[in-house]
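Peer 1: coordinates only, sequence not included:
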RNA sequence: CGCGGGGUAGAGCAGUUUGGUAGCUCGUCGGGCUCAUAACCCGGAGGUCAUGUGGUUCAAAUCCCAUCCCCGCAACCA
């Protein structure tokens, strides 16, 4: 019986359609899972969606539908994208599934019964309009980072999990299993930032929203995200505290949880501790993969740099996007994505090196031997180097793949394709073809080429399953298992080649970029007015006036804030604004600027601010809007 | 001095564990070839390896020290 391998992605939060960065994780996990299957493991691959929480409740309310209806829609979209990417998962769990809800409730109850969870009060900085808590460090100038309003110290009844109880045991596990946290650098972060200073108890329930799994013995509370979401890895296998399913007994513990680096803490600290509390074994490995950046920035809607999997797949095909994602991401560093980079990769690696190699080889077999691959009878010293390259490539591919270095593994596979192109130049089949006496040699060269292609395609089939499949068809390969590439020469002689159909047609970069830009422009023209329409009445609520800056100075203890007295006609307002990086107090005085006069006053850094100065700002510079020589108090509209 | 990672050719990266001629991909320049998707193969140019003409050493990108810059984490953010 073959060895089991249980692999999971994090479950995707069903608040909106995932972008290509979110999609990376499923592709990465799928490639590892496929590779393990090739290597003969009995693989179980789990993915799914996390569907509870305040944010989803809010969005659903805004759209006037039930949260369940909303997550049904988004979970469907997510699943469609996972399928579009060709991911071959065994199960797709949703945290709203009945069996999951029930199991989580039992897990929560068990923790409570055995004294791991206790009821207390959660004290924190709370923003009432946003209904959320923030930490000291999240605040922007002492105010809510979402709405900019003042936060209050508030108490909320909540259940807490006694993390400290299991701390030493966890520390020991991490020490005894040096590979548990990947990559290594993240491990230090976890130990130094959290474990060493001592774990705080984790707040595990909420009363401020209702879209969650209810606590069975206290109906004011819903179970807060982590116990709900993390449990999916075992509930999906049929685990429940009172009954472990067959799948659970077979596959748990997980061999690897593939997750984003941002949630590593939850998977390497809280999740193991939960499992300890349940008395269950811990996962063997947690891999916090890096992020995919768009240019140099994190992908975000507000930056307008978001790319989606379906758009990219439509343009380049699934396998090209899978290939790009996997080889553009170094092991522990963020990768980048842009249309230009995709096109370059596509043209050089896939079209020129890989696709063209297949195409020229198949074409030669067709041209010189009527499509029949003959027995290799006439070896030459040159062949040895190619065979050695094939061996190195396979060995390197295995080593890197086993170490989760997918990009390096791909590089090993591609190096065999490159070596094969060189082999064609060295052996010059078109010269051999002119000499009837060299027919045996020509047949041997072509055989070696087809064999190298087959080996490369087997390696790359976890990365580009569709492409490998169509190559196998083109070269009529019958041997496609991993064992068949450990030794050179498993291609069946006498097989008949198919038509040489290009696998990846070259892309005209200039033309495609023009197309893309045209499409983007068209989209923007349509979208912007549609999405955020504000009526004139809404606008009229703002009292914007020209105001003359009478005096201005730095807010004590801040290098970003200026506090100014501004004459807005009938009164003088004190306004604090975050413009000190671009304006010195002395050069700000005397300007006539645009001021919102009816803003609810707030305290910033302890200084009262009664209005807001309008300014155009990006990350680096700030340009305050000026009103020329308009008299103070002049209405701006 | 909170913890950690990083600064290597125009761009993106490897090399640092175990010091010993600075390497890969893209781009660029030149050559070769014609089987193939204007593809493929070979060669050249281009680097004070952040800084300190710092320390150790026969020898430092690599080990040690100091400084500067970037990035991640810093506890509930799903």
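Peer 2: Great, that's in hand. Source: prediction; values computed, not measured.
Peer 1: and residue A:407, which helix or strand is it part of?
Peer 2: Element membership for residue A:407, per DSSP states H and E: helix A:406-427.
Peer 1: list phi and psi for residue A:206.
Peer 2: The phi and psi values for residue A:206, taken as degrees, to the nearest 10, are phi -140, psi 150.
Peer 1: can you pull up the bridge partners for it?
Peer 2: For residue A:206, the beta-bridge partners under DSSP bridges are residue A:222.
Peer 1: and what of residue A:289?
Peer 2: Here residue A:289, judged by DSSP bridges, has bridge partners residue A:260.
Peer 1: residues contacting it?
Peer 2: Residues near residue A:289 by C-beta atoms under 8 Å, 6 or more residues apart in numbering: A:24, A:25, A:28, A:258, A:259, A:260, A:261, A:329. Every residue, glycine included, has its C-beta placed from N, CA and C.
Peer 1: same deal with residue A:628?
Peer 2: residue A:592.
Peer 1: residue contacts, the closest residue to RNA strand B within chain A?
Peer 2: Relative to RNA strand B, the nearest point of chain A is residue A:355 (2.1 Å; C-beta to the nearest atom of the strand). By C-beta under 8 Å, 6+ apart, the contact list for residue A:355 reads A:502, A:503, A:504.
Peer 1: and what of residue A:615?
Peer 2: A:577, A:579, A:622, A:623, A:624, A:625.
Peer 1: what about 7 Å?
Peer 2: Residue A:615 is in contact with A:579, A:622, A:623, A:624, A:625, counting by C-beta atoms under 7 Å, 6 or more residues apart in numbering.
Peer 1: rewinding a little: and the contacts of residue A:355, which are buried?
Peer 2: For the contacts of residue A:355, a burial check counting by 16 or more other C-beta atoms under 10 Å picks out A:503, A:504.
Peer 1: how about the contacts made by the residue nearest to residue A:309 when sequence neighbours are not counted?
Peer 2: Excluding the flanking residues, the one nearest residue A:309 by C-beta to C-beta, 6 or more residues apart in numbering is residue A:23, at 4.3 Å. Residues near residue A:23 by C-beta under 7 Å, 6+ apart: A:81, A:85, A:309.
Peer 1: what distance do you get for residue A:23 to residue A:167?
Peer 2: Taking C-beta to C-beta, to the nearest Å as the measure, residue A:23 falls 36 Å from residue A:167.
Peer 1: residue A:257 now?
Peer 2: On the measure of C-beta to C-beta, residue A:257 and residue A:167 end up 21 Å apart.
Peer 1: and if you look at residue A:18?
Peer 2: Distance from residue A:18 to residue A:167, by C-beta to C-beta: 34 Å.
Peer 1: next, count neighbours for the closest residue to residue A:629 other than its chain neighbours.
Peer 2: Counting by C-beta to C-beta, 6+ apart, residue A:629 lies nearest to residue A:592, which is 6.7 Å off, once chain neighbours are set aside. The number of residues packed near residue A:592 is 20, by other C-beta atoms under 10 Å.
Peer 1: show me the beta-bridge partners of residue A:592.
Peer 2: Checking residue A:592 by DSSP bridges, which sets the bridge assignment, gives partners residue A:548.
Peer 1: what residues does the stretch 301-450 of chain A put near RNA strand B?
Peer 2: A:330-333, A:336, A:344, A:348, A:351-353, A:355-356, A:358-360, A:363-364, A:367, A:418, A:421-422, A:424-425, A:428-431 (C-beta under 7 Å from any atom of the strand).
Peer 1: check which helix or strand covers residue A:399.
Peer 2: Counting by DSSP H and E, residue A:399 is found in helix A:381-402.
Peer 1: check which helices and strands that helix sits against.
Peer 2: helix A:406-427, helix A:439-460 (3 or more C-beta pairs under 7 Å, 6 or more residues apart in numbering; DSSP states H and E).
Peer 1: hmm, who's touching that helix?
Peer 2: So helix A:381-402 is contacted by A:35, A:408-409, A:412-413, A:415-416, A:419-420, A:423, A:426-427, A:448, A:452, A:455, A:459, A:485-486, A:488 (C-beta under 7 Å, 6+ apart).
Peer 1: quick check: buried residues in it?
Peer 2: Within helix A:381-402, the residues scored as buried using 16+ other C-beta under 10 Å are A:383, A:386-387, A:389-391, A:393-394, A:396-398, A:400-401.
Peer 1: stretch A:254-270 too?
Peer 2: A:254-261, A:263-270.
Peer 1: rewinding a little: tell me the least confident of the contacts of residue A:23?
Peer 2: Lowest in pLDDT among the contacts of residue A:23 is residue A:309, which has 90.
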